[in-house]
Each structure stands twice: as structure tokens, then as C-alpha cells.
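need the 3D shape of this:
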Amino acid sequence: MRRARPETLSDLITAYGITNGVANIIMQLALPAVGYGVHESRVVSGSPRRRPIKRSRTTSQYLAVAIFGDDADRDRMRTEVAGVHQAVISTPDSPTRYSGNSPELQKWVAACLFRYYLDQYTTLYGDLTVAELDSLTRSASTLATTLNVREAAWPHTWDEYERYWNDTLPRLTIDDPIRADFESLAGLEFITEAWGPLGKGFPLLGGRHYRFMTRANLPAEFRTMMKWDWTDRDRRRLDRIVVFYRAVDRAGAGSLVRLAYRSAVTDFRLRSRILPQALGRTKLSDAPIKDGGGLRWLARH
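As a prediction, this is how the structure comes out:
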């Protein structure tokens with residue numbers, strides 16, 4: 001089954017997207033104010049190192065609402081996310097100043113998320129035309145406006161997007177503490193931190209492969225920041241993997257992923273009706289998560 005040429009953001013969703021999530025997180029958090037905002041966070045309920053399933057559900061619902069939701073869904077999501085991000089704010093001891101609700105920082109996060117969809121599609125199906133990229137850039141504005149970014153602040157052409165991206169790249173850096181967080185995510189060790197002995201199987205069985213896919217899906221400049229190499233042998237291995245995922249996607253897996261997105265919108269709407277906070281109650285720890293705050297009993301023992 002051949003894929004139609006993409007016209008909107010939803011057309012970029014593929015089965016390959018399950019491989020490049022952490023790579024995209026690295027891109028987002030390479031902006032120091034974003035990286036340290038996450039690294040120093042005390043929001044236990046939003047941390048993959050404490051609540052990986054809830055973190056995954058929240059991210060999935062946000063992306064689903066941004067792409068498939070209506071204006072009411074996006075307004076509710078924006079309010080919910082802003083409430084969580086109120087607790088993400090720098091202290092006098094922070095290496096850089098940040099606020100989780102900063103439109104500037106959220107614009108960068110949204111720009112990276114646009115790359116998440118572009119990269120998974122182009123890896124499987126090749127480059128897009130400038131006209132297609134212009135249309136997709138406009139479609140991707142909801143990734144930003146579902147956060148705290150005004151429509152006018154989002155690039156409206158691919159050329160504007162590229163200029164914004166290239167202007168931001170010199171500001172990116174990955175310090176050692178942030179790099180250690182990324183290594184834990186790429187190798188799935190964070191699940192062991194969250195679940196203790198119950199989580200050990202994830203890095204043992206899938207950590208090596210997922211670290212490879214994270215390394216493979218990073219653009220070269222980010223790979224350099226992570227101090228990761230990339231060889232011709234790695235390239236050949238990735239080529240074989242891409243052939244597999246292209247076949248799986250064309251066989252219908254991509255349609256199933258889009259169905260999962262729509263289901264996430266339905267789940268969010270249901271939670272919005274029956275719960276005061278659709279994303280769940282925000283839980284804060286006394287100490288930053290990096291210092292052991294919010295660690296579950298099972299993981300502590």
C-alpha cells in the first residue's frame with residue numbers, strides 16, 4: 001500500500017515514530033533553559049523517572065489533541081499544561097533562568113516536535129517538496145498554539161522555520177548532568193529508576209537497540225553534543241531497519257498509530273468531563289527529582 005503525499009501534520013505519522021521519541025527529547029532539551037527546567041524539576045507526576053506510564057500518556061494526549069483535537073480540546077489542554085508548568089521555574093542556584101510557561105522555550109519545543117514528525121516520514125519515504133513543507137509548517141502551528149505560543153509567533157513558511165531553527169542552533173549545548181539524563185532515557189535505565197527491580201528487564205532486553213535508534217535518529221550536530229559517534233556500519237544497519245519499518249508502515253501499522261492518536265483524544269475528552277484535572281493531579285516532591293525526590297518505595301528498596 002503506497003502512502004499518499006502529506007498535506008497536513010497527521011499525514012506524517014508513521015510506525016517509525018516509536019523509534020525517535022528520545023532523540024527528539026534530546027533536541028528539545030539541548031536548549032539549556034529547557035534542559036535544566038526538566039533536570040531540576042520537582043514535578044513527580046510529570047517525570048518519566050518516577051511515573052513513566054503517566055508521562056507517556058500525557059505526552060500522547062498532548063500530541064493527539066494538537067493534531068486531531070478541536071479548539072475546545074486545545075484550550076483545555078493549554079490550561080492543563082500551563083497549570084503543570086507553573087511549578088517549573090528556576091531558582092537562584094539554577095545554571096540558567098527558565099520558566100515552564102515561557103513562550104520562547106515552548107516555541108523551541110514545538111519546533112522540535114515538528115521535526116519529530118518530519119523526520120519519521122522522510123526517513124521512510126524521502127524528501128518533501130518546498131510546497132509540501134510550507135503547507136506542513138502551517139499545519140504544525142497547533143503544536144505551538146496548544147501550548148503558550150501565539151499563532152503569529154509560529155513560522156508560516158518552511159524558509160521562516162529553517163531560519164528560526166538555524167538561528168537557535170548556536171544557543172544549544174548539552175552539559176554533563178543533562179547528558180547523563182539523556183543516556184538514562186536512551187538506554188531505558190530510567191524505568192529501573194522508577195520501578196526498581198520490576199523495571200530491570202526493559203534496559204536488559206531493549207536498552208541496547210533503543211540507544212542505537214536514538215543515536216541513529218539524531219541529526220549530526222546533536223550527536224556531536226552527545227559525544228556519540230556514527231560509522232558506515234551503523235548506517236548500513238539503520239538502512240536495513242528502515243526497510244523493515246517502511247514495509248510495516250505500508251502494511252497498515254501507520255494507520256493503527258493514527259487510530260491510537262484519535263483514541264487518545266477520546267480519552268482526554270472523557271477525562272475532561274469526569275475529572276477536575278484531565279491530566280491528573282500535579283504532585284511535587286520536596287527535593288528535585290535529580291536528587292532523589294519522589295522516588296517510589298519499590299525503587300528505594
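
tell me where the stretch 1-150 of the chain has helices.
Here the stretch 1-150 of the chain has its helices, by DSSP state H, counting those that start in this stretch, at 21-29, 32-39, 52-68, 71-85, 103-125, 130-139, 141-145.

tell me which of those helices lies nearest to L295.
helix 52-68 (13.3 Å; Cβ to Cβ). In this view, the C-beta of every residue, glycine as well, is placed from N, C-alpha and C.

just to revisit the earlier point, ok, which of the helices of the stretch 1-150 of the chain comes nearest F244?
helix 103-125 (10.4 Å).

in terms of secondary structure, what does the closest one contact?
Of the remaining helices and strands, those touching helix 103-125 by 3 or more Cβ pairs under 8 Å, 6 or more residues apart in numbering; DSSP states H and E are helix 21-29, helix 32-39, helix 130-139, helix 141-145, helix 158-168, helix 232-248.

identify each buried residue in the last one, please.
Across helix 232-248, burial judged by 16 or more other Cβ atoms under 10 Å covers L238, I241, Y245, R246, V248.

need the max-distance pair from the residues you listed.
Farthest pair in those (Cβ to Cβ) is L238 and V248. Separation: 15.3 Å.

any stretches of the stretch 1-150 of the chain with poor pLDDT?
For the stretch 1-150 of the chain, the stretches with pLDDT under 70 are 1-2.

change it to 90
Within the stretch 1-150 of the chain, the stretches with pLDDT under 90 are 1-4, 45-46.

again, but for the stretch 151-300 of the chain
In the stretch 151-300 of the chain, residues with pLDDT under 90: 281, 286-288, 290-300.

hmm, back to that, so which of the helices and strands packed on helix 103-125 gets nearest R49?
Per Cβ to Cβ, nearest to R49 of the helices and strands packed on helix 103-125: helix 32-39, 9.9 Å.

which other helices and strands contact that closest one?
So helix 32-39, by 3+ Cβ pairs under 8 Å, 6+ apart, packs with helix 21-29, helix 103-125, helix 176-186.

with distance to W165 and mean neighbour count added, can I get these in TSV?
Putting the helices and strands packed on helix 32-39 into TSV (distance: least, Cβ to Cβ, whole Å; neighbours: other Cβ atoms under 10 Å) gives the following:
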stretch	distance to W165	mean neighbour count
helix 21-29	10	23
helix 103-125	6	21
helix 176-186	20	18
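
turn the ones you listed into TSV, columns for distance to L259.
Formatted as TSV, these follow (distance: least, Cβ to Cβ, whole Å):
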stretch	distance to L259
helix 21-29	18
helix 103-125	17
helix 176-186	27
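
so which of those is nearest D11?
helix 103-125 (7.8 Å).

just the CA trace of that closest one, in PDB.
Provided in PDB are the C-alpha atoms of helix 103-125 (Å, rounded to 0.1, in the frame of the first residue of the first chain):
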ATOM      1  CA  PRO A 103       6.500  31.200  25.100                       C
ATOM      2  CA  GLU A 104      10.100  31.300  23.800                       C
ATOM      3  CA  LEU A 105      11.000  28.000  25.300                       C
ATOM      4  CA  GLN A 106       7.800  26.400  24.200                       C
ATOM      5  CA  LYS A 107       8.300  27.600  20.700                       C
ATOM      6  CA  TRP A 108      11.500  25.700  20.500                       C
ATOM      7  CA  VAL A 109       9.900  22.500  21.900                       C
ATOM      8  CA  ALA A 110       7.100  22.800  19.300                       C
ATOM      9  CA  ALA A 111       9.700  23.300  16.600                       C
ATOM     10  CA  CYS A 112      11.500  20.100  17.700                       C
ATOM     11  CA  LEU A 113       8.200  18.200  17.700                       C
ATOM     12  CA  PHE A 114       7.600  19.300  14.100                       C
ATOM     13  CA  ARG A 115      10.900  17.700  13.300                       C
ATOM     14  CA  TYR A 116       9.700  14.600  15.100                       C
ATOM     15  CA  TYR A 117       7.000  14.100  12.500                       C
ATOM     16  CA  LEU A 118       9.000  15.300   9.600                       C
ATOM     17  CA  ASP A 119      12.000  13.100  10.400                       C
ATOM     18  CA  GLN A 120      10.000   9.900  10.800                       C
ATOM     19  CA  TYR A 121       8.200  10.400   7.500                       C
ATOM     20  CA  THR A 122      11.200  11.500   5.400                       C
ATOM     21  CA  THR A 123      13.300   8.600   6.900                       C
ATOM     22  CA  LEU A 124      10.900   6.200   5.400                       C
ATOM     23  CA  TYR A 125       9.700   8.000   2.300                       C
END
